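In: Give me a model of this one.
(one chain, ligands or ions: 1)
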Amino acid sequence: MCTGVSYTTKDHYFGRNLDLEFSYHETVAVTPRNFPFEFRKTEALPRHHAIVGIATISDGYPLYYDAVNERGLGMAGLNFPENADYKPEAAGTTNVTPFEFIPWVLGRFETVDQVVAALNDVTLVDISFSEEFPLSPLHWIIADKNRSVTVESVKEGLRVYDNPFGVLTNNPTFDIQTFRLNDYMHLSTYPPENHFSKDIAFDTYSRGMGAIGLPGDLSSASRFAKAVFTRMNSVAGDSESESISQFFHILGSVAQQRGCVHVGGDDKFEITIYSSCCNTDTGVYYYTTYENSQITGVDMHKEDLDSSEVVDYPLVKGQRLSMQN
Ligand SMILES: C[C@H](CCC(=O)NCCS(=O)(=O)O)[C@H]1CC[C@H]2[C@@H]3[C@H](O)C[C@@H]4C[C@H](O)CC[C@]4(C)[C@H]3C[C@H](O)[C@]12C
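Out: Presented below is the predicted three-dimensional model:
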């Protein structure tokens, strides 16, 4: 499972946890403006916005998991098994494959409003990248400084939901996730008050009791409620250090520790392989990995963004300890 987040302090930040039991050899990939994006069923983009994000590179093509473009638009794909339903090619529409969806959106558009308008005409088609990389059942969060949306291609068609929470996890469908938040409206960051009975003398014996009932398990619906609560109540200073620290704490509230989520077999566990946080105003992509809690950054503007070659950096893994004596 995964969690995607959009969050604004002075700047806008966009990122995600990638939760899985194995890695696809992901790297931080910067795609410059003149890398020729070919699309299977729609017109190529020989020149486009530059993009930074995490991708598996196959045959020179960046298969992005999440990314941000130089105009401040961010997009992430999260698992959506059983619900994702891609369609046959539909004449008269723009046919985009799921693996092309991030480059197609980030290559062309600057704002969520523009993307939403364009999606009226889009079909997500059931064409996979290769035998090695078959179709992934995904849904997406797309965000800029002012707006977030969730995009789901389901049996009934392409659904676009406003996402005022700036959070996406996995199943169920976004309308149900949103509805279930109603169950948590009584939660509070303040100490609870007694609405239970005037005849009982309650004791607020601990800080944090106003949020008793906030789920702490790692299921997708629970992570959604937990991440929305944390994100909506988040308080951060405006500096880069305070902002990215807070962002990683929001993601940390729903991170997966090895051993807590079995995924078949006795010794296979889902873990948070990486957490990312991109400053969409400056184009700096920060990340941590499961075993490297130190924040590492890649600044897209330090690359030649007018070139035509993807530049990629392998994730820095392994703890970097800073000893004080
Ligand atoms: C599985 C990843 C999402 C993380 C997640 O939600 N895991 C939960 C697993 S589960 O529900 O609990 O079983 C998704 C996010 C981005 C996906 C990758 C990107 O879409 C890029 C390519 C796309 C290709 O079609 C398949 C390989 C792939 C490299 C994808 C593999 C996998 O589906 C990824 C890595």
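In: When you work out contacts or count neighbours from here on, use the C-alpha atoms and nothing else.
Out: Will do.
In: quick one: stretch 248-256 to chain centroid distance?
Out: Taking CA atoms, centre = their mean, to the nearest Å, one finds stretch 248-256 lying 12 Å from the centre of the chain it belongs to.
In: Residue 30 - that's part of a helix, no?
Out: No. Residue 30 sits outside any helix when classified using DSSP: H, G, I helix; E, B strand; the rest coil, being strand.
In: Report the contact partners of it.
Out: By CA atoms under 8 Å, 6 or more residues apart in numbering, the residues touching residue 30 are 50, 51, 52, 53, 300, 303, 310, 311, 312.
In: Find me the pLDDT at it, would you?
Out: Listed pLDDT for residue 30 reads 98.
In: gap between it and residue 160?
Out: From residue 30 over to residue 160 the distance is 28 Å, taken as CA to CA, to the nearest Å.
In: got the residue ranges for the helices in this structure?
Out: Per DSSP state H, the chain carries helices over the ranges 101-108, 112-119, 174-180, 220-232, 240-252.
In: one step back: filter the contacts of residue 30 down to the ones near the ligand?
Out: Checked against the ligand using CA under 6 Å from any ligand atom, the contacts of residue 30 yield no neighbours at all.
In: Write a PyMOL command that selects only the buried members of those.
Out: What follows is the PyMOL syntax selecting those of the contacts of residue 30 that are buried according to 16 or more other CA atoms under 10 Å:
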select buried, resi 50+51+52+53+300+310+311+312
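In: got the residues of this structure near the ligand?
Out: 1-2, 18-20, 24, 56, 63-65, 77-79, 99, 128-129, 133-136.
In: that older thread, can you convert the helices of the chain into TSV and add a column each for mean pLDDT and mean neighbour count?
Out: Formatted as TSV, the helices of the chain follow (pLDDT from 0 to 100; neighbours: other CA atoms under 10 Å):
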stretch	mean pLDDT	mean neighbour count
helix 101-108	98	23
helix 112-119	98	15
helix 174-180	98	15
helix 220-232	98	22
helix 240-252	98	19
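In: Now for whichever residue of the stretch 151-300 of the chain sits closest to the ligand: which residues touch it?
Out: For the stretch 151-300 of the chain and the ligand, the shortest gap (CA to the nearest ligand atom) falls at residue 170, measuring 6.3 Å. Taking CA under 8 Å, 6+ apart, we find residue 170 in contact with 1, 2, 3, 78, 79, 80, 139, 220, 221.
In: now do 7 Å
Out: 1, 2, 78, 79, 80, 220 (CA atoms under 7 Å, 6 or more residues apart in numbering).
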